[in-house]
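A.B. asks: I'll drop the sequence and a predicted model, then ask my questions.
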Amino acid sequence: MLKIAVLVSGGGTNLQAIIDAIADKTIADARICLVISNNRGVYALERARRAGIEERVISPSDYPSRAHFHKALLGAVQESGADLVVLAGFLCTIPEEMVKAYENRILNIHPSLIPSFCGKGYYGLKVHEAALERGVRISGATVHFVDCGTDTGPILLQKAVEVLPDDTPKTLQLRIMQEAEWKILPQAIDLIARGRVVVEGRKVKIL
Ligand code: GRF
C-alpha cells in the first residue's frame with residue numbers, strides 16, 4: 001500500500017479530492033498517513049481531522065531559523081513512513097535535503113500548463129491574473145515531480161481548461177480546480193500507486 005504525506009497551506013480542496021478518491025477507490029491501494037500544514041487554523045486541517053487522518057502544524061514561525069523548520073518538516077515526513085509526498089497547495093519551498101531524500105517521490109500540482117505562468121512568484125491568484133493579462137484562450141493544470149527548481153521538475157499529467165471571455169482570476173481559478181486539478185492530482189497518485197510511472201531524466205513514462 002502506498003503511504004502518502006500531504007502538505008497543505010490553505011483550504012485543502014485538493015487534499016479533499018485525494019481523500020475522496022481513496023474512499024471511492026479511484027485511487028488504488030493507498031492511504032494518507034499524515035497531513036502537514038505550515039499554517040495554523042486552515043480548513044485543510046479540519047478536512048484531515050474529519051477523515052480521521054493524523055495532522056500536524058509545522059510552521060516556520062515556531063523555529064529559530066529556516067534550517068530548523070526544514071529539518072522538522074523532513075523529520076515529520078520521514079517519521080510518517082510516507083512513500084510519496086504530495087504538495088497540495090503548499091506554499092513553502094521544499095528544502096533541497098527533502099528533494100534529494102525523496103527524489104521523484106514528491107508531487108506538486110500547479111494551476112497552469114507548465115511552462116506557462118510558473119516559476120517564482122506564480123502562485124495562487126497571481127497565476128490566473130497573469131494568464132488573463134496575457135490573453136491566453138486555454139490554461140489548465142499540471143502535476144509534476146519536484147526537483148530543486150520552482151515548477152521545473154518532470155511533468156506527469158496536464159489538463160487543459162478553456163478561458164472564457166468574462167473570466168476573472170477567481171472564476172478561472174475555480175474552473176481550473178474543478179475541471180483539472182481535482183481530477184489529475186488523484187489520477188497521478190493512482191498511476192504511482194499502481195507502479196505505472198517511470199521517471200527518466202526530465203521525461204516521465206506512463207506504463
Ligand atoms: C490550488 O490552486 C493549487 O493548484 C495551488 O494552490 C491551490 C490550493 O488550493 N498550488 P487548495 O488548498 O487545495 O484548495
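C.D. replies: Good, I have the coordinates.

A.B. asks: Count the residues that sit near whatever residue of the chain ends up closest to the ligand.
C.D. replies: Per C-beta to the nearest ligand atom, residue 89 is where the chain lies closest to the ligand, at 2.5 Å. Bear in mind the C-beta positions are built from the backbone N, C-alpha and C, glycine included. Applying other C-beta atoms under 10 Å, we find 24 residues neighbouring residue 89.

A.B. asks: Please apply the same query to the one 4 residues further on.
C.D. replies: Residue crowding around residue 93 was assessed by other C-beta under 10 Å; the count is 14.

A.B. asks: try residue 148
C.D. replies: Here the number of neighbours of residue 148 (other C-beta under 10 Å) works out to 12.

A.B. asks: contacting residues for it?
C.D. replies: 96, 99 (C-beta atoms under 8 Å, 6 or more residues apart in numbering).

A.B. asks: average pLDDT across the longest helix along the chain?
C.D. replies: Longest helix in the chain, counting residues (DSSP state H): helix 66-80. The pLDDT scores in helix 66-80 average 98.

A.B. asks: Give me every residue in this structure lying close to the ligand.
C.D. replies: 8, 10-14, 44, 88-89, 109-111, 177, 181 (C-beta under 6 Å from any ligand atom).

A.B. asks: In PyMOL, how would I select the buried members of those?
C.D. replies: Entered in PyMOL, the line below selects the buried ones among these, by 16 or more other C-beta atoms under 10 Å:
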select buried, resi 8+10+12+13+14+44+88+89+109+110+111+177+181
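
A.B. asks: In terms of helix, strand or coil, where does residue 91 fall?
C.D. replies: At residue 91 the chain is in coil, as set by DSSP: H, G, I helix; E, B strand; the rest coil.

A.B. asks: how about the nearest residue to it, chain neighbours excluded?
C.D. replies: Nearest residue to residue 91 in three dimensions, chain neighbours excluded: residue 9, at 4.2 Å (C-beta to C-beta, 6 or more residues apart in numbering).

A.B. asks: farthest-separated two in the residues of the chain next to the ligand?
C.D. replies: Greatest spatial distance in the residues of the chain next to the ligand: 44 and 110, 17.5 Å, computed using C-beta to C-beta.

A.B. asks: re the thing from before, check which residues of the longest helix of the chain are buried.
C.D. replies: In terms of neighbour count (16+ other C-beta under 10 Å), helix 66-80 has its buried residues at 69, 70, 72, 73, 74, 76, 77, 80.
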